[in-house]
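J.: return atomic coordinates for the entry below.
(chains A, B, C and D)
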2 protein chains.
Amino acid sequence: MDQHAESPRTRYITTASAVFAQKGYHAASLAGIADRLGVTKQALLHFFGSKARLYEEVLSALSDRLLRSIENVEGTTPETKLRTFFLQLSEDALCNVEDTQLVARALLDAQTTSENWPMKPFLDALGALAHKTKRWSKASDAELFCWIYQNIGSIQHFAISQTTLKGMYGKEAFDVLKETHQAQLRAALADLEEDPV
Amino acid sequence: MDQHAESPRTRYITTASAVFAQKGYHAASLAGIADRLGVTKQALLHFFGSKARLYEEVLSALSDRLLRSIENVEGTTPETKLRTFFLQLSEDALCNVEDTQLVARALLDAQTTSENWPMKPFLDALGALAHKTKRWSKASDAELFCWIYQNIGSIQHFAISQTTLKGMYGKEAFDVLKETHQAQLRAALADLEEDPV
DNA sequence: GTATAAACTTACCACTTGGTAAGTTGTCAA
DNA sequence: TTGACAACTTACCAAGTGGTAAGTTTATAC
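T.: A predicted model of the protein is given here:
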C-alpha cells in the first residue's frame, strides 16, 4: 500500500504538513486541515487517531524527505556532492519554505516538548558526507558539525526571514539581498576545494 | 509612570514575553500567563484590552531591548563595538533564549500575518554601526547586510537548537559544540581588523 | 467624610478545540 | 446474496478560548 502518490493517507499528510508549517502545531486545527482537503476532521482522526499522531507522521515524512535530499544529491566526489547539496538546500529553502518552517517550529517547540529528534538521521548523513571531504577529513567532529550547522543556520534564517525582509525593505531590495546571499554561500563553499587549514 | 521596574504593567509584559517565547502566540493563553502572575486573565485584559495588543507590547518591548543592546555596547572603535556586540549576542542567545525564540516565532508568523516589523530599528542600527568599520565602509548595502544576517542567523539557529542538540548528542557533546561554535564566531569576526577585500 | 479613579475579581457568554460513538456508504470476496 | 471491511459522515460532548459586563477593593484628592 501507499504506492500511489494520491493515496488518501499521504495526501492528508501532505496537506497537514503545509498547514502545520504555516500556522504551527497549536494554531493549526484538524477542522482547518480537513477543510483544505474537502473532508471532515473525522476523516483525519480515522487515519491518525489524534492530532498529535498526525503531527508525528508529518515530522516523520519530513525526516525522510531531508534524508533523501542528501542520498539523492548528484555529484561524483564528496566535495561536489556537499557543495551542490548546500546550494540546492538554499534554493529549496527559498522557493519552498514549508519544510524550513517545519524544522524551525520543531526546534522551537522542542524547548518544552521532548521529541524524538526527526532531524538526527539527516544531520548524521550530512556529517558523514562532509567527513569524506579533504577539507574536513582531519577535523574534529565538533569543528565539522559547527561548520555544517553554521551554513544550515544562515540558509534557514534567511529563508524564514523572506517575508519580513520583503516587508521591511521592499521586494526589489530583497532580490538583491537574495543574490548576494547566494553568492556569499558559493564563496564560502569554495573553501571545500582547498586543503585543510 | 513606569519608572519602577516592578510596575505591574511591565511585570505583566515580562511574564507574557516569557510565555509567548516558550509556547508561541496561539499556544499561550491569557489564563496561563495570568496564572504565572498570580492574577486573573481579566487583569491582563484590563491593561491591554486584548491578547493581540498584549503581544504587540511584548514585541515592542523586545524591539527596545534589541536596539538598546546595540546602543549600549562597549568599545571605542566601530570594529571593537561590532565584535563585542556579536560575541555578547551569541552568549545572551545561549543563556537567555527567550528573546531569540520570540524573534524566530515572529519571523515564522510573519509569513501569514502582516506585522509592523519590530526588528527593523535593530537591524538598521546594526547596519549603520557596521558601515563605519573599515572592512565594510566601501561595501554595498547588500553585501554588508548579508554578512550581518549570516552571523545573526548562525547564532540564532544554534541557540534555538540548544535543546535538540543536547537531546540528540548529549550535554557533554553539546558543550564541546558550544565552545567550537564560539571559537568559529571569534575567528569570523577577526576579519574585521583586516582591510576590505 | 466623600468622590474619583485605578486595579483588579467574579460571573458569564459565544465560540472553537480535540475527541468519542454510532451510523452510512461503497467495494470486493465467497 | 451476503458478510466483511475500509473510508468515511453526522451528531454530540466536555474542556478551554478570548472577551464583555458588572461588581469590589484600595488609595488618593479635595
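
J.: let me see the mean pLDDT of the host helix or strand of residue A:79.
T.: Taking DSSP states H and E as the criterion, residue A:79 maps to helix A:78-95. Mean per-residue pLDDT for helix A:78-95: 96.

J.: same deal with stretch A:122-139?
T.: On average, the pLDDT along stretch A:122-139 is 95.

J.: related to what we said a few turns ago, what packs against the helix or strand that comes right after the helix holding residue A:79?
T.: Following helix A:78-95 in sequence order, the next helix or strand is helix A:98-110 (DSSP H and E). For helix A:98-110, the elements it packs on are helix A:8-23, helix A:51-71, helix A:78-95, helix A:141-169, helix B:98-109, helix B:141-169, judged by 3 or more Cβ pairs under 8 Å, 6 or more residues apart in numbering or on different chains; DSSP states H and E. Where you see a C-beta, it was placed from the backbone N, CA and C, and this is true even at glycine.

J.: make it 10 Å
T.: Under the contact definition 3 or more Cβ pairs under 10 Å, 6 or more residues apart in numbering or on different chains; DSSP states H and E, helix A:98-110 sits against helix A:8-23, helix A:51-71, helix A:78-95, helix A:141-169, helix B:8-23, helix B:98-109, helix B:141-169.

J.: quick revisit: can the helix holding residue A:79 be said to contact chain B?
T.: No. Taking Cβ under 10 Å from any Cβ of the partner chain as the criterion, helix A:78-95 and chain B are apart, separated by no less than 11.5 Å.

J.: how about residue A:167, nearest residue that isn't a chain neighbour?
T.: Leaving aside its sequence neighbours, residue A:167 sits nearest to residue B:117 (Cβ to Cβ, 6 or more residues apart in numbering or on different chains; 5.8 Å).

J.: how far does stretch A:30-46 stretch from one end to the other?
T.: With Cα to Cα, to the nearest Å applied, stretch A:30-46 spans 12 Å between its terminal residues.

J.: okay, now the unreliable bits of chain A?
T.: Scanning chain A for pLDDT under 70 picks out A:1-5, A:194-197.

J.: swap in 50 and give it another go.
T.: Along chain A, the parts satisfying pLDDT under 50 run over A:1-5, A:196-197.

J.: which ones are touching residue A:136?
T.: If you count contacts by Cβ atoms under 10 Å, 6 or more residues apart in numbering or on different chains, residue A:136 has them with A:78-79, A:82, A:127, A:129-130, A:143-145, A:147-148, A:192, A:196.

J.: can you lay out these as TSV showing neighbour count and distance to residue A:17?
T.: As requested, these are exported to TSV (neighbours: other Cβ atoms under 10 Å in any protein chain shown; distance: Cβ to Cβ, whole Å):
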residue	neighbour count	distance to residue A:17
A:78	19	31
A:79	19	32
A:82	24	27
A:127	15	25
A:129	20	25
A:130	23	28
A:143	18	34
A:144	20	30
A:145	24	27
A:147	19	29
A:148	18	24
A:192	18	32
A:196	11	39
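
J.: which among those residues are in contact with DNA strand D?
T.: Among these, no residue sits close to DNA strand D (Cβ under 7 Å from any atom of the strand).

J.: tell me the one among these nearest to residue A:35.
T.: Of all the contacts of residue A:136, the one with the least separation from residue A:35 (Cβ to Cβ) is residue A:148, at 39.2 Å.

J.: OK, contacts around that closest one?
T.: For residue A:148, the contact set (Cβ under 10 Å, 6+ apart) comprises A:82, A:86, A:123, A:126, A:127, A:129, A:130, A:136.

J.: just those residues now: which is nearest residue A:31?
T.: Taking Cβ to Cβ as the measure, residue A:31 lies nearest residue A:123 of the contacts of residue A:148, at 34.8 Å.

J.: my guess is the closest one meets residue A:141, correct?
T.: No. Checked against Cβ atoms under 10 Å, the pair residue A:123 and residue A:141 is beyond contact range at 11.5 Å.

J.: which one's more surrounded, these two?
T.: residue A:123 (22 against 15; other Cβ atoms under 10 Å in any protein chain shown).

J.: which element is that one on?
T.: Per DSSP H and E, residue A:123 falls inside helix A:120-131.

J.: can you name every helix or strand that that helix contacts?
T.: With contacts defined as 3+ Cβ pairs under 10 Å, 6+ apart, helix A:120-131 has these neighbours: helix A:51-71, helix A:78-95, helix A:134-137, helix A:141-169, helix B:141-169.

J.: which residues of chain A lie near DNA strand D?
T.: Residues of chain A lying near DNA strand D (Cβ under 7 Å from any atom of the strand): A:8, A:39, A:40, A:42, A:43, A:46, A:47.

J.: which secondary structure elements does the host helix or strand of the fourth one contact?
T.: Spelled out, that is residue A:42. Secondary structure assigned from DSSP H and E places residue A:42 in helix A:41-48. Counting contacts by 3+ Cβ pairs under 10 Å, 6+ apart, helix A:41-48 packs against helix A:8-23, helix A:30-37, helix A:51-71.

J.: give me whichever of the ones you listed is most buried.
T.: Highest mean neighbour count among the helices and strands packed on helix A:41-48 (mean count of other Cβ atoms under 10 Å in any protein chain shown): helix A:8-23, with a mean of 19.

J.: thinking residue A:89 is in contact with residue A:155, fair?
T.: Yes. Between residue A:89 and residue A:155 there is a contact at 5.9 Å, judged by Cβ under 10 Å.

J.: please report phi then psi for residue A:112.
T.: Dihedral angles of residue A:112 (phi, psi; degrees, to the nearest 10) stand at phi -110, psi -40.

J.: what residues does chain A have near DNA strand C?
T.: Counting by Cβ under 7 Å from any atom of the strand, chain A comes close to DNA strand C at A:28, A:29, A:30, A:31, A:32, A:41, A:42, A:45, A:49, A:50, A:51, A:52.

J.: among those, which two are most distant?
T.: Greatest spatial distance among the residues of chain A next to DNA strand C (Cβ to Cβ): A:32 and A:49, at 18.3 Å.

J.: hmm, back to that, same for the helix holding residue A:79, what does it pack against?
T.: helix A:51-71, helix A:98-110, helix A:120-131, helix A:134-137, helix A:141-169, helix A:171-190.
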